[in-house]
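Enquirer: the sequence isn't on hand, but the structure is:
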């Protein structure tokens, strides 16, 4: 019901879902309506309905990088190799269309991190950090990728840079503690 800690998100989500469905019903050829319907369905847990609406959005407008990114996310949440390959393909297409979209780089980094491609995850995490320095999740993903690959120094650097941008980030502080522990700095940990 809440998104990013905002309790009022629930009623807005239900309204977005209703409005998007009305827009699709009024004009089945409107790609953006299908995209918003798909995004809304995904938020309420209707993943197959979301995927169907997002695929229609992409069919109607193959250059809608946001629809591609949302479709990629939908596939990324499924737990099989084929779905993850689909997710990577859709993220790549979205980045080909809009290479400066920090969110798509960030989501690609998360997918690659979860798949164990630490080098790719660090690359896309770093790109997301550069494009949106205030996004603590981008710093976190780049830092964790580097930490898991054994490059504690580079990981610490990413986390410290993130903390300079977002000093109140508990996520980055916790990750900084992990870096401290990995370096053997137990008092700092």
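Expert: Arrived safely, thanks for sending. All values derive from a computational prediction rather than experimental measurement. Numbering: from 1, shown residues only.

Enquirer: so what's the residue count around residue 55?
Expert: Residue 55: 16 surrounding residues under other CB atoms under 10 Å. For the C-beta atoms, the positions are set from N, CA and C on the backbone; glycine is no exception.

Enquirer: following the helix or strand bottoming out on mean pLDDT in the chain in sequence, what is the next regular element?
Expert: Within the chain, confidence by mean pLDDT, DSSP states H and E is lowest for helix 9-26 among all helices and strands, at a mean of 84. Sequence-wise, the next helix or strand downstream of helix 9-26 (DSSP states H and E) is helix 31-43.

Enquirer: thinking again about what came up before, which parts of the least confident helix or strand of the chain are buried?
Expert: In terms of neighbour count (16 or more other CB atoms under 10 Å), helix 9-26 has its buried residues at 13, 16-17, 20-21, 23-24.

Enquirer: what about the spatially most central residue of the chain, helix or strand, and which?
Expert: With distances taken as CA atoms, centre = their mean, residue 107 lies nearest the centre of the chain, 2.8 Å away. Take DSSP H and E as the rule and residue 107 turns out to sit in helix 102-115.

Enquirer: likewise for residue 163?
Expert: Assigned by DSSP H and E, residue 163 falls in helix 152-165.

Enquirer: what angle separates the least confident helix or strand of the chain from helix 31-43?
Expert: 140 degrees (axes from the mean of the first three to the mean of the last three CA atoms, to 10 degrees).

Enquirer: adjust the sequence numbering to begin at 6 for everything that follows.
Expert: With the count now opening at 6, the last piece we talked about shows up as helix 14-31.

Enquirer: now for helix 14-31, which elements pack on it?
Expert: Where contact means 3 or more CB pairs under 8 Å, 6 or more residues apart in numbering; DSSP states H and E, helix 14-31 is packed against helix 36-48.

Enquirer: now the helix it packs on: mean pLDDT?
Expert: Helix 36-48 comes out with an average pLDDT of 92.

Enquirer: show the subsequent helix or strand relative to that helix.
Expert: helix 52-65.

Enquirer: residue 49: neighbour count?
Expert: As a burial measure, residue 49 scores 14 neighbours (other CB under 10 Å).

Enquirer: kindly report the same for the one 10 residues further on.
Expert: Counted with other CB under 10 Å, the neighbours of residue 59 add up to 30.
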